[in-house]
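A.B. asks: mind folding the following:
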Amino acid sequence: MTRAFVEILILVINALSADTLAYIAGVIQKVMNNMDEAEFQSFTKQLHKSMHKSPYLIITAELPKVAFIPYFIIFGFSNWWFTAGAIVAIAASVFVSKPIVLPAYKMIYESLKSSDVEGLSEWRRKLQTRNRFRAVLQFVSVILMVIGLFGVS
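C.D. replies: Residues are numbered from 1 along each chain as shown. Okay, the predicted model is just below:
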């Protein structure tokens, strides 16, 4: 396998992850915004639990991080743009998604009562902001990888 081929494979999987995150932050969030608080809480619980069981989401979220290990061992860090994209993708997962976004889902359905309209409204806004931020970071990583593959003109 050539370096370009491996980079394209990693890029495609990373782009699929970015697309899924954008779908959740956009389309799914709009649906959640149109629900009353009790429906929102119930839906959030179902969505969160389904996300943790989805082979597609698990593969697109974790495979790029796993693929970076042999990639950097074999090819090194000489493609600075691609490396920057990898760092952003890993940072988005490790420092944003795992400690900030995913716990927000759990907070909504475990710690708040369905009658807590104000609390659920506040957390709905927080979840929307966090999901959007995570999606943007993932797209930044994709853009950096594309620049690494095709250069800047």
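
A.B. asks: what sits closest to Thr60 if chain neighbours are left out?
C.D. replies: Ser17 (4.1 Å; CB to CB, 6 or more residues apart in numbering). Backbone N, C-alpha and C define where each C-beta goes, glycine included.

A.B. asks: isn't that neighbour up against Glu62?
C.D. replies: No. If you go by CB atoms under 8 Å, Ser17 and Glu62 don't touch, sitting 9.2 Å apart.

A.B. asks: so between the two, which is more surrounded?
C.D. replies: It is Ser17, of Ser17 and Glu62, that has more neighbours when counted by other CB atoms under 10 Å, with 27 against 13.

A.B. asks: find the helix or strand that the residue nearest in space to the middle of the chain is a member of.
C.D. replies: Nearest to the centroid of the C-alpha atoms of the chain, with distances taken as CA atoms, centre = their mean, sits Leu21, at 4.8 Å. Leu21 is located in helix 3-23, with elements delineated by DSSP states H and E.

A.B. asks: got the buried residues for stretch 35-42?
C.D. replies: For stretch 35-42, the neighbour count (16 or more other CB atoms under 10 Å) marks Glu37, Phe40, Gln41 as buried.
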